[in-house]
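> Got a predicted structure here, sequence first:
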There are 2 protein chains.
Amino acid sequence: MSPSLAETIELMGRQARAAAYRLAQLGSAQKNAILQAMASALREATPELLAANALDMAAASDSQQAAGGPPAKVLSAAMLDRLRLDESRIEAMAAGIEQVATLADPVGQVIESWQRPNGLCIEQVRVPIGSIGIIYESRPNVTADAAVLCFKAGNATILRGGSEAIHSNRAIATALQAGGAAAGLPEHAIQLIPFTERESVTVLAGMDRWLDLIIPRGGKGLIETVVAHARMPVIKHYDGICHLFIDAAADPAMAVALTVDSKTQKCGVCNALETLLVHRDIAANCLPGIAAALRAKGVELRGCAATRAVLTDIAAATEADWRTEYLELILSIKIVDSLDEAIAHINEYGSHHTDSIVTADEASAERFLRGVDSACVFHNVSTRFADGGEFGFGAEIGISTDKLHARGPMGLRELTSYQYRVRGTGQTKGHES
Amino acid sequence: MSPSLAETIELMGRQARAAAYRLAQLGSAQKNAILQAMASALREATPELLAANALDMAAASDSQQAAGGPPAKVLSAAMLDRLRLDESRIEAMAAGIEQVATLADPVGQVIESWQRPNGLCIEQVRVPIGSIGIIYESRPNVTADAAVLCFKAGNATILRGGSEAIHSNRAIATALQAGGAAAGLPEHAIQLIPFTERESVTVLAGMDRWLDLIIPRGGKGLIETVVAHARMPVIKHYDGICHLFIDAAADPAMAVALTVDSKTQKCGVCNALETLLVHRDIAANCLPGIAAALRAKGVELRGCAATRAVLTDIAAATEADWRTEYLELILSIKIVDSLDEAIAHINEYGSHHTDSIVTADEASAERFLRGVDSACVFHNVSTRFADGGEFGFGAEIGISTDKLHARGPMGLRELTSYQYRVRGTGQTKGHES
């Protein structure tokens, strides 16, 4: 490990901590003015952003074509699309920053307050977390989205984007820093790691003295690396193996509509449906209609033996299917004997992200909601609504599959901590006891 | 690593997960009945507990005397005292369980609920965390205290106590399990690791599939080991380097009283005072009286150069003193030029646990409370009040020095997570967009 890399990142950590103390003292109006200035600066920097992005796109295309040469990172068409910036994407980033400026500031909110018999007045008040490391992959817009959300909640950030987006990320960070500074953004409030070496991730993950939290945004491999090395808390956004359970008392038309929407409205996202569970009593009746609707949308079906007795022309689902997040137009289907079997299957094979029941029976719905151990449990709702925007959070940093601190869609409030402020009149413990 | 040890602990993890699902379905009345039964069983097992504890005490005393023999663990008199059980300590454990039964159950509480324009009704509801590993040292009472608090919040526990208390811990766990089972405690809700090998800690820390959280309760070495190995979230209870700042506008009598109470009411605990900061404008006036009162209690003083110009006969405090949690009758004293210098010193040298200001100036107090980055910030209050009991939580699992999930005194509520329960009428996202 190059000493200068580690030393540089260590210095950035120390600077982030100092910036965090200044950020914690900013009022909402000042933070919003800074956000407006950052949005304007980003728009004005459109030519610079496009030029920087062109360098990244060219490098990515070169490595695409370098077959036979030294092992180069090969980017898929989807990854190239994620990497690409254009005027409308830059405008969307700027508009996103302005949107964050309109959100209520959680910092300073009194969560609870009470008085003790001895006269102590206790307030539990939301405060920023402090300094947050964000480690992400190819989308350059995360540079702006994550940094401004953390900033609005009063946190300093150290950003470490994918090496393939380094020019774009630098240009975005420079625009945010310059625009923000003119409006009073504390120095080092938003820092971007300038290195593309992989060691920068492990150095960052070991810096628990300077970073209070790390949020990895990306694939399973990235999250695993961070979890293995991190000494500070990590909020993970693992995959979504989401289920829809069609209960015996389901309305058949609603069962079709929710299955189609959950699976096909957008299939490459974490809140899309991956496994359909159907109650035995309704299976023969409703599965043919569901299958027809899904096939019309181009969905490949895989089923358990009982399902294949009804849908005789589909492939068999294997044990691995129940644990797979396809992120494609593939759906596994299983017939279960009871609500309890559905709940047990979801808790065993799911990823505790989002699971929904379709039923007209309120008692069954309540048992499902209480029995399924997932961040989001739905009754008669498409799984696609598991989203900070749909929940009304205004913006989200991601959907946590952790149970500690933040679970499910994470908005601004989940980017804060709290402290107890206690006011007294000279109370001593010795005089009490 | 013995495979049977790892396999046994892995099985316990799987069992804890299964038990957690059953625990999540228990109502408050049933949990309270189980707690009453556990308290009774513990009282009835007094002879067995005393006999088991005698084995631990004998082994500890033997190892005390085994100088010259093979390297044995040497327990200090204080550790021997922590290890010891007697009838009154067993009664206190049983009474503690009954106290937990009287606390309000956080599980099922609706934290917030709202309706979206599309008709979705969203509820954020407290649910148990799931399964929790507790790793602790010599006090056998932690076996009961931690297990019942986790249980009341609906969590399964795997306990790993210190090897020196293994007989006592087994006897306590057996009594809790047997007493609870008769009243409906799910099997494997409370499990004690039967091994004394150190590998059991690392095996436990690697089991993120089965454990949602680890709470280490003990010294810095234990916490460091857990942090280094844990793949799941850890809630840490590091040390308390607590400060009292005597502002220029402090009432002199209150300054003396709060200093003496914070330092001497009980000095071996994390919320005791370790460093006194005094505003330059009041130092010459108030330090002699404070020093006299502290010396009357046997406190050794160490000061900065400016302090030693006032208290000429005290030792010099070194840089290391400002970072030391003495847990003894020693106090370091530093004179600062301003409130801002006090805040900066606390944020730099403190442990972000508990810090207090003494002042009659409300504006200074508010600046202190907002500027100090600690779990508990006090105005005109002894630092000794940083405690779940004093805050009215009824019982506490510890005082978190983390900022994520739980900060400061942790009660029952901090042993829960939440989930979003969303009820709709067939909403699909496709129809919306």
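Thanks, I have it.
> A:Asp56 is in contact with A:Ser163, isn't it?
No. Judged on C-beta atoms under 8 Å, A:Asp56 makes no contact with A:Ser163 at a distance of 9.5 Å. No exception for glycine: its C-beta is placed from N, CA and C like everyone else's.
> Show me which of those two is the more surrounded one.
Neighbour totals were compared for A:Asp56 and A:Ser163, and A:Asp56 leads with 25 against 17 (other C-beta atoms under 10 Å in any protein chain shown).
> So chain A: which segments form each domain?
A:3-235+A:410-420, A:242-389 (automatic domain parsing).
> how long is the last one end to end?
Taking C-alpha to C-alpha, to the nearest Å, the first and last residues of domain A:242-389 lie 19 Å apart.
> what does stretch A:297-311 give?
Separation of the first and last residues of stretch A:297-311 by C-alpha to C-alpha is 17 Å.
> Work out the gap between it and the centre of the chain.
31 Å (C-alpha atoms, centre = their mean, to the nearest Å).
> Same question for stretch A:355-364.
In terms of C-alpha atoms, centre = their mean, the centre of stretch A:355-364 is found 27 Å from the chain centre.
> ok so, going back, please convert the domains of chain A to a markdown table, extending it with distance to B:His279.
Shown next, in a markdown table, are those (distance: least, C-beta to C-beta, whole Å):
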| stretch | distance to B:His279 |
| --- | --- |
| domain A:3-235+A:410-420 | 20 |
| domain A:242-389 | 46 |
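> Between those domains, which has the poorest mean confidence score?
Lowest mean pLDDT within the domains of chain A: domain A:3-235+A:410-420, at a mean of 92.
> Number of residues surrounding A:Leu80?
When neighbours are counted by other C-beta under 10 Å, A:Leu80 registers 16.
> three-state assignment of it?
Here A:Leu80 is helix, with the state taken from DSSP: H, G, I helix; E, B strand; the rest coil.
> Distance check, it against A:Gly161.
16 Å (C-beta to C-beta, to the nearest Å).
> Parallel or antiparallel, list what pairs with the longest strand seen in chain A.
If you go by DSSP state E, chain A has its longest strand at strand A:416-427. Paired strands of strand A:416-427, with direction, are strand A:121-128 (antiparallel), strand B:376-381 (parallel) (DSSP bridges).
> what's next to the last one, contact-wise?
In this case it means strand B:376-381. Applying C-beta atoms under 8 Å, 6 or more residues apart in numbering or on different chains, the external contacts of strand B:376-381 come out as A:120, A:419-427, B:254, B:258, B:271, B:353-359, B:365, B:368-369, B:383, B:385-386, B:408-409.
> Pull the contacting residues for the residue lying closest to A:Ile172 once chain neighbours are set aside.
Nearest residue to A:Ile172 in three dimensions, chain neighbours excluded: A:Thr143, at 4.4 Å (C-beta to C-beta, 6 or more residues apart in numbering or on different chains). By C-beta under 8 Å, 6+ apart, the contact set of A:Thr143 is A:Tyr136, A:Leu159, A:Gly161, A:Ala165, A:Ser168, A:Asn169, A:Ile172, A:Ala173, A:Leu176, A:Leu192.
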